[in-house]
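A.B. asks: Model the following, please.
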Amino acid sequence: MIPWLVADAPFPPPEHALADPNGLLCAGGDLSPERLLAAYRQGIFPWYSAGQPIFWWSPDPRMVLFPAEFRISRSLGKTLRAGRYELRLDSDFPAVIEACAHTWRPGQPGTWITPEMRRAYTRLFELGWAHSVETWVDGELAGGLYGLAIGRMFYGESMFARRTDASKIAAAHLARFLEGRGFGMIDCQMRTDHLASLGAREIPRDAFAARLAALIADAEPARWPIDGAAGGWR
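C.D. replies: Got it, this is the predicted structure:
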């Protein structure tokens with residue numbers, strides 16, 4: 001059995017999460033900005049499907065990407081240098097999260113980015129905590145990703161691509177953007193081969209928690225610059 005969150009009840013300690021399924025900590029609560037920010041500050045995130053209660057997770061090990069370790073393949077490097085795209089930050093967050101919600105993923109019969117989740121993260125965007133990184137080609141949104149920034153920590157949530165490498169372009173620029181601003185870690189939550197191919201790796205939950213605590217010490221939200229602020233690629 002796992003605890004059920006009621007009203008303003010705090011989260012259980014992340015180390016109390018189940019080993020099977022890995023990281024399941026508790027259920028219930030809501031997706032208010034206050035609840036979500038409290039969760040992310042403790043390395044906890046919501047993940048559930050439509051018709052289910054809200055499940056909260058803190059897996060061990062944790063998949064993370066250190067910005068300086070982002071891996072650029074030869075083909076991606078060629079695409080980045082060619083520069084036949086426009087990189088934008090925060091210019092159309094609702095379109096990015098909507099596209100992520102409707103992207104089919106192997107092994108997933110539906111989406112966990114429910115309308116309730118979209119509303120909750122759009123509200124975090126309006127408050128300055130959530131952000132989108134967008135790849136535009138020929139005036140159209142071709143791919144991107146979204147997540148949260150707290151202090152010097154970025155929490156990646158989801159990505160999508162409508163053209164080849166469009167999400168990887170966004171991820172590469174995000175890594176460079178974050179590294180240049182002193183961000184220490186990107187949370188990728190759980191392992192996938194795709195994330196591993198980009199340089200992400202697993203670390204123990206206690207090591208993740210220790211790094212997280214140091215990185216979120218300066219935790220005021222700040223609206224990111226937009227329209228190519230991540231710069232060109234050379």
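
A.B. asks: ok, Leu37 touching Ala149?
C.D. replies: No - using Cβ atoms under 8 Å, Leu37 is not in contact with Ala149, being 11.4 Å away. The C-beta positions use only the backbone N, C-alpha and C, and glycine is treated the same way.

A.B. asks: between these two, what contacts are shared?
C.D. replies: Trp129 (Cβ atoms under 8 Å, 6 or more residues apart in numbering).

A.B. asks: Which one of these two is surrounded by more residues?
C.D. replies: Taking neighbours as other Cβ atoms under 10 Å, Leu37 and Ala149 compare with Ala149 leading, 22 against 18.

A.B. asks: what about the more buried one, helix or strand, and which?
C.D. replies: strand 140-150 (DSSP states H and E).

A.B. asks: Can you list the buried residues in the stretch of helix or strand Ala209 belongs to?
C.D. replies: Assigned by DSSP H and E, Ala209 belongs to helix 205-215. Neighbour counts over helix 205-215 (16 or more other Cβ atoms under 10 Å) mark Arg205, Phe208, Ala209, Arg211, Leu212, Leu215 as buried.

A.B. asks: before we move on, back to that, and the strand holding Ala149, how far from the chain's centre?
C.D. replies: 9 Å (Cα atoms, centre = their mean, to the nearest Å).

A.B. asks: how about the CA coordinates for that strand, as PDB?
C.D. replies: Only the C-alpha atoms of strand 140-150 are listed here, as PDB (Å, rounded to 0.1, in the frame of the first residue of the first chain):
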ATOM      1  CA  GLU A 140       6.100  25.900 -38.600                       C
ATOM      2  CA  LEU A 141       6.700  24.300 -35.200                       C
ATOM      3  CA  ALA A 142       8.700  21.200 -36.200                       C
ATOM      4  CA  GLY A 143       9.700  19.900 -32.700                       C
ATOM      5  CA  GLY A 144      10.600  20.800 -29.200                       C
ATOM      6  CA  LEU A 145      10.400  20.000 -25.500                       C
ATOM      7  CA  TYR A 146       9.100  21.400 -22.300                       C
ATOM      8  CA  GLY A 147      10.000  21.300 -18.600                       C
ATOM      9  CA  LEU A 148      10.500  23.200 -15.400                       C
ATOM     10  CA  ALA A 149      13.400  25.400 -14.200                       C
ATOM     11  CA  ILE A 150      13.900  25.800 -10.500                       C
END
